[in-house]
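S.K.: quick one, structure for this:
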Amino acid sequence: MERDLDLEGFDPDSIVTPALAFRIRAAQTYNEKPIHTHRKGQLILALHGGITSEVTNSMWMVPPQYAVWVPGKMPHSNRVTADARLCFLFIEPEAVAMPQECCTLKISPLVRELILRLSNVPHEHLECAPIQRLVQVLFDELPNQPVEQLQLPISSHPKIRAMADSMAKNLKEKKTLAQWADDMAMSERNLARLVGKETGLSFLRWRQQMQLIVALRYLISGMTVQNVAESLGYDSTTAFITMFKKALGTTPGRYLSTLDGDDFTD
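M.R.: Next up is the predicted model:
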């Protein structure tokens, strides 16, 4: 059953406290919240399943044990996988030194437990001394969480956006840069420059990053490594595993094994 405090009229910006947290369980179907903003900074921690957040010209994939940080006043939209379990942490502006840009953070077990503990505290008790001490420890640890490169730059340029939309709809499609250039009525060199200018990545690196984000979503949803490789158009499971290991430093199986362990309770 879906429990989303936003849908019940809860406004985290209306509570002036350094930090507050709450948890939700998404419905059995995919759930998407349209573009919106918060005065507070927002940390979205995935406990089970995953969440994709889109901000201006970028998409961020958040697997379990990771979190996406969205600074205050930044327009964003969220899309979660079926039956996802999430924890939202809202932080007052200037309360703690956090990145100025949206990013994905690898969350340590200590920080995860601190956030979960805070999510169990009724809002009217957030100002009591023990909770304030807990928040201070959380604020001491949060700036030390490492940033992970799990974002896909998505330019607003119509040609780059068209390429991204086409690749997302046809994951097995393996058009070369030359073929895309022909479709766009451009030279290969000019298209390569355009992709680099708009995304900051080479064409091959950009396409691989999209495949990695989609692969993580599929793996988290329970799809086998073999089926993911087939869905992405890889000639073999080994070729997919090689790409995955090169990007994240470990195999899909070992990566997923580090994401187990979910203490979400109703």
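
S.K.: so what pLDDT did residue 205 get?
M.R.: On pLDDT, residue 205 comes in at 90.

S.K.: now for the nearest residue to residue 248 once chain neighbours are set aside, how many residues are close by?
M.R.: Spatial nearest neighbour of residue 248, excluding adjacent residues (CB to CB, 6 or more residues apart in numbering): residue 255 at 5.9 Å. (C-beta placed from N, C-alpha, C; glycine too.) Applying other CB atoms under 10 Å, we find 16 other residues in the vicinity of residue 255.

S.K.: contact partners of the helix or strand where residue 255 lies?
M.R.: Using DSSP states H and E, residue 255 sits in helix 252-257. For helix 252-257, the external contacting residues (CB atoms under 8 Å, 6 or more residues apart in numbering) are 215, 219-220, 225, 228, 240-241, 244, 248.

S.K.: you'd agree residue 190 is up against residue 181?
M.R.: Yes. Counting by CB atoms under 8 Å, residue 181 is a contact partner of residue 190 at 7.4 Å.

S.K.: let me know the closest of the contacts of helix 252-257 to residue 38.
M.R.: residue 220 (25.4 Å; CB to CB).

S.K.: let me see the mean pLDDT of the host helix or strand of residue 140.
M.R.: Per DSSP H and E: residue 140 is located in helix 129-141. For helix 129-141, mean pLDDT is 95.

S.K.: buried residues in that helix?
M.R.: 131, 134-135, 138-139 (16 or more other CB atoms under 10 Å).

S.K.: restricted to helices, list the contacts of helix 252-257.
M.R.: Of the contacts of helix 252-257, the ones assigned to helices by DSSP state H are 215, 219-220, 225, 228, 240-241, 244, 248.

S.K.: neighbour-wise, which of these leads?
M.R.: residue 215 (26 neighbours).

S.K.: what sits against the nearest residue to that one once chain neighbours are set aside?
M.R.: In this structure, residue 215 finds its nearest non-sequential neighbour in residue 228, 5.3 Å apart by CB to CB, 6+ apart. With contact taken as CB under 8 Å, 6+ apart, residue 228 is in contact with 215, 218-219, 240, 252.

S.K.: 10 Å instead?
M.R.: Neighbour list for residue 228: 171, 211, 214-219, 221, 234, 237, 240-241, 244, 252 [criterion: CB atoms under 10 Å, 6 or more residues apart in numbering].

S.K.: and residue 216, by the same measure?
M.R.: 50, 52, 61-63, 66, 150, 228, 244, 247-248, 252, 255-256, 259 are the contacts of residue 216 under CB under 10 Å, 6+ apart.

S.K.: most neighbours, which of the residues you listed?
M.R.: So for these (other CB under 10 Å), the most neighbours sit at residue 62, 28 neighbours.

S.K.: that residue and residue 53 touch, don't they?
M.R.: Yes. Counting by CB atoms under 10 Å, residue 53 is a contact partner of residue 62 at 6.8 Å.
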